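**Q** when you get a sec, could you give me coordinates for this:
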Amino acid sequence: MGNSLQHGRRRTGRACLCLLFLCWGVTCPAPARGTTLAEFVAALRVKARVLESSAGMKSGFQSFNTAFRFQPGSVSYSDYAVARLLFEGARDAGFWNLQWRITNLPPNSDNIWHQWKGAPAPSASKATAIAECDELSALYAFLAMRAGVRGVGLLWPTSNHTVAVWVIRQPVRDIRVVVPTTQIFLDEADLFATTRFDAWRQKHIYEYSRRDVPDSFELPGALIDYFLRQADGYAGASNIVLQRLRYLREAVFNGFLSSDGAAREALKFRGALRSGTPEDLAALQNFARDMRP
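**A** Model (predicted):
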């Protein structure tokens, strides 16, 4: 009885507040709704399926197959599309605007999710969250696991560095694909599946099975909308263009370039492309536009 009365008073109070807003000529604000992790992951899988038809995804998968000579049926194009989408979004200075910085936090993605939960309105020139290499690698592995890509874990190629590794099972010998979530110890030619690190330096790669946040964990709807729009605007471009844009974002985050200077560099690179795909040209144009709001 007491709980019902208290609940009724709360509802009455909200109704009175809304009437007061209306009297002042102000629309009563609707309660903001977040997006759960489960909803976000489902949306990413849909995006990945759409991106399977893009030039960048197709050329990336062709290069991927050529480099590793996978046995037929050992890796699906759909899994690759999810793995590549997550890589380009969740890496340092990728199109979800994460930024690498030493944090001395545990090797999981908990703190990234909690930064995202309280993130202000996203901006192309500012980081959405700060994280160290092991946190970024854990984020990638966690999202891959939730999105259905099996065999992704963590590798320590040196004592002070962490990357993700995707283990692809084959009858004779497994293949380990390095997923460099930062460019530490790497250069611009090192992309998804770089061979710069010895993927077999570690005897075992354990699939990342920790549930860093539950499926019900909510993030701001505006942030998730931004992440999905970023996937639309960039994820269909080629590896080379995405890598160039990653370096431009990093320069803006670290104060080496202004956002306007990065936009000019992107347009200059766009003008120099003689055989750019529509997705490449659009990504560079989108970047210049985003950096000049």
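**Q** CA atoms for contacts and neighbours, from now on please.
**A** Will do.
**Q** could you confirm Glu135 falls within a strand?
**A** No. Assessed with DSSP: H, G, I helix; E, B strand; the rest coil, Glu135 is helix; it does not lie in a strand.
**Q** quick check: bridge partners of the closest residue in space to Thr182 that isn't next to it in sequence?
**A** Sequence neighbours aside, Asp92 is the residue nearest to Thr182 in space, at 5.1 Å (criterion: Cα to Cα, 6 or more residues apart in numbering). Beta-bridge partners for Asp92, by DSSP bridges, are Leu98.
**Q** show me this structure divided up by domain.
**A** Following automatic domain parsing, the chain resolves into domains at 1-31, 35-235.
**Q** which of those domains has the lowest mean pLDDT?
**A** Here the lowest mean pLDDT among the domains of the chain goes to domain 1-31, at a mean of 40.
**Q** so where do the helices sit in the stretch 151-293 of the chain?
**A** Secondary structure of the stretch 151-293 of the chain by DSSP state H, counting those that start in this stretch: the helices cover 221-234, 239-253, 259-272, 278-290.
**Q** swap in the stretch 1-150 of the chain?
**A** Remark: helices assigned in the stretch 1-150 of the chain by DSSP H, counting those that start in this stretch are 2-23, 37-51, 55-68, 77-90, 110-117, 133-146.
**Q** tell me which of the domains of the chain is the most buried.
**A** domain 35-235 (a mean of 18; mean count of other Cα atoms under 10 Å).
**Q** run the chain-centre distance for that one.
**A** The gap between where domain 35-235 is centred and where its chain is centred comes out at 6 Å by Cα atoms, centre = their mean, to the nearest Å.
**Q** what about that domain, how long is it end to end?
**A** Taking Cα to Cα, to the nearest Å, the first and last residues of domain 35-235 lie 21 Å apart.
**Q** now swap in stretch 190-210 and tell me
**A** OK, stretch 190-210 end separation, Cα to Cα: 28 Å.
**Q** residues in contact with it?
**A** Identification of contacts with stretch 190-210 by Cα atoms under 8 Å, 6 or more residues apart in numbering yields 64, 84, 87, 138, 141-142, 145, 150-157, 165, 167, 176-180, 183, 186, 239, 243.
**Q** go on, stretch 44-61?
**A** The contact list for stretch 44-61 (Cα under 8 Å, 6+ apart) reads 77-78, 80-82, 84-85, 147, 228, 231-232, 235-239, 277, 279-280.
**Q** at 7 Å instead, please
**A** With Cα atoms under 7 Å, 6 or more residues apart in numbering as the contact definition, stretch 44-61 has outside contacts at 78, 81-82, 85, 147, 236-239, 277, 279.
**Q** circling back: the helices of the stretch 1-150 of the chain: which one's closest to Ser259?
**A** Across the helices of the stretch 1-150 of the chain, Ser259 has its closest neighbour in helix 77-90 (19.2 Å, Cα to Cα).
**Q** now for the closest one, which elements pack on it?
**A** helix 37-51, helix 133-146 (3 or more Cα pairs under 7 Å, 6 or more residues apart in numbering; DSSP states H and E).
**Q** just to revisit the earlier point, can you tell me which of the contacts of stretch 44-61 is nearest Ala131?
**A** Nearest to Ala131, judged by Cα to Cα, of the contacts of stretch 44-61 is Leu85 at 19.2 Å.
**Q** export the helices of the stretch 1-150 of the chain to CSV and tack on distance to Asp260?
**A** CSV is the format used below for the helices of the stretch 1-150 of the chain (distance: least, Cα to Cα, whole Å):
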stretch, distance to Asp260
helix 2-23, 41
helix 37-51, 29
helix 55-68, 26
helix 77-90, 22
helix 110-117, 26
helix 133-146, 27
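**Q** nearest to Glu265, out of those?
**A** helix 77-90 (19.8 Å).
**Q** that older thread, kindly reformat the helices of the stretch 151-293 of the chain as a markdown table containing distance to Ala42.
**A** Shown next, in a markdown table, are the helices of the stretch 151-293 of the chain (distance: least, Cα to Cα, whole Å):
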| stretch | distance to Ala42 |
| --- | --- |
| helix 221-234 | 11 |
| helix 239-253 | 24 |
| helix 259-272 | 32 |
| helix 278-290 | 24 |
